[in-house]
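1. What shape does this take:
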Amino acid sequence: MRGVLMIFCTLFLINIYTSLNAQNQVHPGLKTVVIDAGHGGKDPGALGKGGKVNEKQIVLSVATRLGEKINAAYPDVKVIYTRKSDVFIGLHERAMVARRNNADLFISIHCNGSSSSEAKGSSVHILGQNSNNSRNKTDYFERNMSVAQRENSVIVLEDDYKTKYQSFDSSSPESYISHQLQWMAYYESSLLFASEVVDNMIKDPLTPRKIVIDQDIFQVLVEANMPAVLIELAFVTNPTEYRYLSSDSGQNEIAGRLFKAFKSYKTKYDASVKVDAPSETKKPSETSSEAKVAVENPYYSVQIMGLGRLLKNSDPAFKGLKIHSVKAPDSNIYKYLCGRHDDLAGAKSSLADVRKKFPDAFAVKVEGTKVTRIK
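-> From the prediction side, this is the model:
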């Protein structure tokens, strides 16, 4: 059994790497976003308090409004909806919409529900191994199984679901094990957008749940294979939150907050994947020590990511690698680099190992605070 699992995991990693390599040869910035309004049609989602407006109607309204705001502000960004009306779309197809269109970001919008009318709060979910909350030491699968199973249970409503998900049993923890590998591919970007959603959306009258950003095994995130988040706006089973969620003003305000999160994320994302154009070699100024250092001591490295915040060298996001950061004076992006090499061959030699943990990593040349990608 162990041998079979190892073979499967190897093939799974190859599949991820191939997909990444095909989609990320060129980084033009964030150009396509897929907005997924959860549930729909024969699947109402969580039933609203009173039953007049259910989850499927609320999330469709918020998704549509969010897309309109993005279109208005960024005409060059392609906005695609998994559904624009009250129709049932399977989890597999929702993810395939994003994959077919090579989306740069997948946003799945939901509302929460509970048998208790006291349950309340908003949360954001990404595909991952364990909660980011340091106080949550519970096992990843055990902690999130019940929530993931509730969202994934919609699978059985799909036609031919046994064929589509023949290797996936929504009631079995073993079905999720292979997907521990996939979370590494887009973890940083997903976490960054999730953080923006928390900062911009979860404000009065919305309240955060005990664990605001959680890492889960929702099937729609598993199959998306790109930076992706699933947002639980609030509980439709809570009378107070239901009134806000079902109101026109509430839905418009939430969409506006989500747009602010998207705007901030796009700015940071575009900066982090920007490829610096090669420049002509210039003689250093006799009075500029900075210019002398830049020219005399260039080195080659491997960039793993770029973020708008400074992380400690011991941050778990680096997955055990020894990382240093470089930030240009006129930029708000920290570029995180692994290794210092005298020549490009050295950097490329270490690139394969780095990509085992960061599939999007690439070789760069560093001259002072200038970081140039090597194609």
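
2. and Asp338, how many neighbours does it have?
-> Actually, residue 338 is Cys. It isn't Asp. 21 (other C-beta atoms under 10 Å). C-beta: built from backbone N, CA, C; applies to glycine.

3. Skipping its backbone neighbours, what lies nearest it in space?
-> Distances taken as C-beta to C-beta, 6 or more residues apart in numbering place Val302 nearest to Cys338, at 4.6 Å, with adjacent residues excluded.

4. Could you measure from that neighbour over to Thr369?
-> For Val302, the distance to Thr369 equals 17 Å [C-beta to C-beta, to the nearest Å].

5. Those two: who's more crowded?
-> Under the criterion of other C-beta under 10 Å, the comparison of Val302 against Thr369 puts Val302 first, with 27 against 15.

6. ok, Asp199 - contacts?
-> Asp199 sits next to 261, 264 when contact means C-beta atoms under 8 Å, 6 or more residues apart in numbering.

7. Sticking with Val371, tell me its helix or strand.
-> strand 370-373 (DSSP states H and E).

8. Would you mind pulling up the elements that that strand packs against?
-> Strand 370-373 is packed against strand 362-367, with contacts defined by 3 or more C-beta pairs under 8 Å, 6 or more residues apart in numbering; DSSP states H and E.

9. Note down every partner strand of the strand it packs on and its orientation.
-> Sheet pairing of strand 362-367 (DSSP bridges) gives strand 299-307 (antiparallel), strand 370-373 (antiparallel).

10. Now Gln251: phi and psi?
-> phi -60, psi -40 (degrees, to the nearest 10).

11. ok, so what distance separates it from Val87?
-> Separation of Gln251 from Val87 (C-beta to C-beta): 19 Å.

12. and the two? which has more neighbours close in?
-> Between Gln251 and Val87, counted using other C-beta under 10 Å, Gln251 has the larger neighbour count: 23 against 12.

13. Flag the shaky bits of the chain, pLDDT-wise.
-> By pLDDT under 70, the weakly predicted segments of the chain are 1-28, 50-51, 128-185, 217, 272-296, 308-309, 332.

14. neighbours around Ser247, how many?
-> Number of residues near Ser247 (other C-beta under 10 Å) recorded here: 13.

15. what about it, distance to Val79?
-> Ser247 sits 24 Å away from Val79, going by C-beta to C-beta.

16. Leu30: neighbour count?
-> Using other C-beta under 10 Å, Leu30 has 22 neighbouring residues.

17. How about the contacts made by it?
-> By C-beta under 8 Å, 6+ apart, Leu30 lies in contact with 77, 104-105, 265-266, 269-270.

18. So which of the residues you listed are in strands?
-> Leu105 (DSSP state E).

19. Tell me what the residue lying closest to Leu321 once chain neighbours are set aside is bridged to.
-> Computed as C-beta to C-beta, 6+ apart, the closest residue to Leu321 that is not its neighbour in sequence is Cys338, at 5.2 Å. For Cys338, the beta-bridge partners under DSSP bridges are Val302, Ile323.

20. pretty sure Cys338 contacts Ala363?
-> No: with contact defined as C-beta atoms under 8 Å, Cys338 and Ala363 do not form a contacting pair (10.4 Å).

21. got any residues that touch both of the two?
-> 301-303.

22. Okay, the closest residue to Asp342 other than its chain neighbours and Val366: tell me how far apart.
-> Among residues not flanking Asp342 along the chain, Tyr299 sits closest, at 6.6 Å (C-beta to C-beta, 6+ apart). Using C-beta to C-beta, Tyr299 is found at 5 Å from Val366.

23. and what of Gly90?
-> With C-beta to C-beta as the criterion, Gly90 and Val366 are 47 Å apart.

24. next one: Tyr300
-> 7 Å.

25. go on, Leu192?
-> Leu192 is 23 Å from Val366, by C-beta to C-beta.

26. for Asp360, same thing?
-> Asp360 is 18 Å from Val366, where distance means C-beta to C-beta.

27. out of these two, which sits in the busier spot?
-> Using other C-beta under 10 Å, the more surrounded residue of Asp360 and Val366 is Val366, with 22 against 19.
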